[in-house]
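>>> sequence? don't have it. structure:
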Ligand SMILES: [Zn+2]
């Protein structure tokens with residue numbers, strides 16, 4: 001056990017459940033497809049120091065070196081950096097720190113990145129799926145601070161998810177959590193990267209929004225995006241919708257409604273206090289969330305819908321870093337007290 005995370009330095013009364021204590025800290029690292037973000041985070045979720053570096057998607061050794069260098073860059077001078085939490089884009093087996101698959105990052109496939117990082121840094125490193133870390137950040141210090149049951153959906157290139165159930169991160173079999181992005185919303189829909197068909201992320205993701213826009217353009221529908229070609233991105237489609245482009249508006253409305261259908265199922269299944277929607281595509285705000293909330297209201301079991309809020313994430317790009325640090329710090333403290341989280 002590291003000195004900065006002292007047994008008995010219990011969570012103060014004013015801190016939400018996911019935090020652990022003022023005055024102690026841990027390092028959080030969020031490994032994205034192009035960029036690695038690192039931060040020194042205190043026990044209340046405040047980022048004290050941050051650094052960024054490029055991701056090497058193909059070379060595990062270079063990736064480990066980059067993460068270790070960023071951890072060193074945000075470590076407090078002359079003091080123990082405490083625990084380190086690392087979020088990665090792939091399913092991580094509990095306890096092993098091993099990533100099973102990583103479709104967008106070959107370096108991580110079948111890689112025991114947790115043990116590599118512990119050996120490389122000499123620190124207590126905990127590795128988890130990035131959406132789980134993001135969810136813990138929003139639960140502990142973001143939009144879900146008052147919630148005991150939180151579903152977090154991160155809408156980016158794909159659609160990730162993390163679940164906090166009765167104050168605990170849901171582990172799932174093997175520690176793989178649960179993948180809301182692969183809930184089937186259209187049995188005859190588009191092929192998904194998971195090998196299935198019609199998954200939520202085939203519609204509600206940057207990739208899905210671009211694909212559906214291209215399909216509509218091919219069908220001859222009128223739009224200001226007709227000549228965008230390879231420059232067509234979800235952000236560009238969002239901007240077109242905000243400028244009144246009917247096709248772009250329709251694509252976001254369909255994505256929002258599809259998100260709402262999935263939210264209704266999640267509400268009926270789990271009875272969450274809050275569903276937090278984050279990730280780059282959530283910058284579309286009302287374009288996505290208004291049709292989602294309307295669809296969820298129309299479809300969910302009314303008493304459960306009434307008990308649930310659907311809200312945008314609050315921590316923005318820091319959520320993954322904050323969640324990774326808070327989860328690692330809290331777990332390190334819990335293990336020092338011989339009490340599982
Ligand atoms: Zn899928």
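Received it, and whenever you're ready, just let me know what you need. All values derive from a computational prediction rather than experimental measurement. Numbering: from 1, shown residues only.

>>> name the SS class of the residue most central in space within the chain, please.
Against the mean C-alpha coordinate of the chain, by C-alpha atoms, centre = their mean, the closest residue is residue 131 at 2.7 Å. Assigned by DSSP: H, G, I helix; E, B strand; the rest coil, the conformation of residue 131 is helix.

>>> contacting residues around it?
By C-beta atoms under 8 Å, 6 or more residues apart in numbering, residue 131 lies in contact with 87, 152, 154, 160-162, 177. For the C-beta atoms, the positions are set from N, CA and C on the backbone; glycine is no exception.

>>> which pair of those residues spans the longest distance?
Using C-beta to C-beta, the contacts of residue 131 span at most 13.2 Å, a distance reached by 87 and 161.

>>> list the buried ones in the helix or strand containing residue 249?
Element membership of residue 249 [criterion: DSSP states H and E] is helix 246-270. Under the neighbour-count criterion of 16 or more other C-beta atoms under 10 Å, helix 246-270 has 247-267, 270 buried.

>>> thought residue 104 was touching residue 33?
Yes. Look at residue 104 against residue 33 with C-beta atoms under 8 Å: they come within range, at 5.4 Å.

>>> any common contacting residues for those two?
With C-beta under 8 Å, 6+ apart as the test, residue 104 and residue 33 both reach 57, 89, 157.

>>> please name the residues that touch the closest residue to the last one other than its chain neighbours.
Using C-beta to C-beta, 6 or more residues apart in numbering and skipping the chain neighbours, the partner closest in space to residue 157 is residue 206 (5.4 Å). If you count contacts by C-beta under 8 Å, 6+ apart, residue 206 has them with 155-157, 233-234, 280-281.

>>> quick one: average pLDDT of stretch 202-215?
Stretch 202-215 comes out with an average pLDDT of 96.

>>> what residues sit buried inside it?
Buried residues in stretch 202-215 (16+ other C-beta under 10 Å): 202-213.

>>> can that stretch be said to contact the ion?
No. Using C-beta under 5 Å from the ion, we find that stretch 202-215 stays clear of the ion, coming within 6.9 Å at best.

>>> what's in contact with the helix or strand hosting residue 163?
Per DSSP H and E, residue 163 falls inside strand 159-165. With C-beta under 8 Å, 6+ apart as the test, strand 159-165 has contacts from 18, 89, 129-136, 139, 144, 147-154, 169-170, 177-181, 200-201, 204-205, 270, 279.
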